[in-house]
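K.L.:
how would this look folded up:
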Amino acid sequence: MTTTWSDNVPIYRQLRDRVVAMILDGALNEGDALPSVRQVAADFQINPLTVSKAYQELVDERLVEKRRGLGMYVMEGAREALLKSERERFLREEWPAIYARLKRMGLDIEALLDAARKHERSGP
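P.N.:
Numbering: from 1, shown residues only. Next up is the predicted model:
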């Protein structure tokens, strides 16, 4: 398995973000085991310490728990906690710039909803 890593963000952070995306997308559910550190390191050809650091961040954020001798597991309530924090982050950090751009272009909520409906009908 190969992947490209951004030079602008540490690899452990990018890996952490990938696990978060998998939880949000439902690819990893509450109670599911994360792949082992060794497996991820081998798959992505990165240092196991990098994987451990990413996993430790998830533990620190109370999204994942260590089960001694068994591995790492997605904690109950992780998805809901992530949805809440990601929504808050979006509204605080991303939405103001998006809103300003929409306003500059003269787009209103109806135009956005129409575009969304067309997109849903035509598929991804």
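K.L.:
going forward, measure contacts and count neighbours with C-alpha atoms only.
P.N.:
Fine.
K.L.:
Can you say which helix or strand has Y73 in it?
P.N.:
strand 71-74 (DSSP states H and E).
K.L.:
what about the helices in the protein?
P.N.:
11-25, 37-44, 48-60, 78-89, 95-105, 109-122 (DSSP state H).
K.L.:
Out of all residues in this protein, which is the farthest from the middle?
P.N.:
In the chain, counting by Cα atoms, centre = their mean, G106 sits farthest out from the average C-alpha position, at 31.3 Å.
K.L.:
Quick one, grab the pLDDT at it.
P.N.:
For G106, the pLDDT comes out at 93.
K.L.:
residues touching it, list them.
P.N.:
By Cα atoms under 8 Å, 6 or more residues apart in numbering, no residues touch G106.
K.L.:
could you redo the last one with a cut-off of 10 Å?
P.N.:
G106 is in contact with A100, counting by Cα atoms under 10 Å, 6 or more residues apart in numbering.
K.L.:
How about the one 5 residues further on?
P.N.:
Residues in contact with A111, defined by Cα under 10 Å, 6+ apart, are R117.
K.L.:
Look up how far K103 lies from it.
P.N.:
Going from A111 to K103 by Cα to Cα, to the nearest Å gives 12 Å.
K.L.:
ok, now N29?
P.N.:
38 Å.
K.L.:
quick one: which of those two has more around it?
P.N.:
The residue with more neighbours, out of N29 and K103, is N29; 19 against 11, by other Cα atoms under 10 Å.
K.L.:
And the pLDDT for the one residue sitting closest to the centre of the chain?
P.N.:
By Cα atoms, centre = their mean, the chain has its centre lying nearest to A21, at 2.6 Å. pLDDT for A21: 95.
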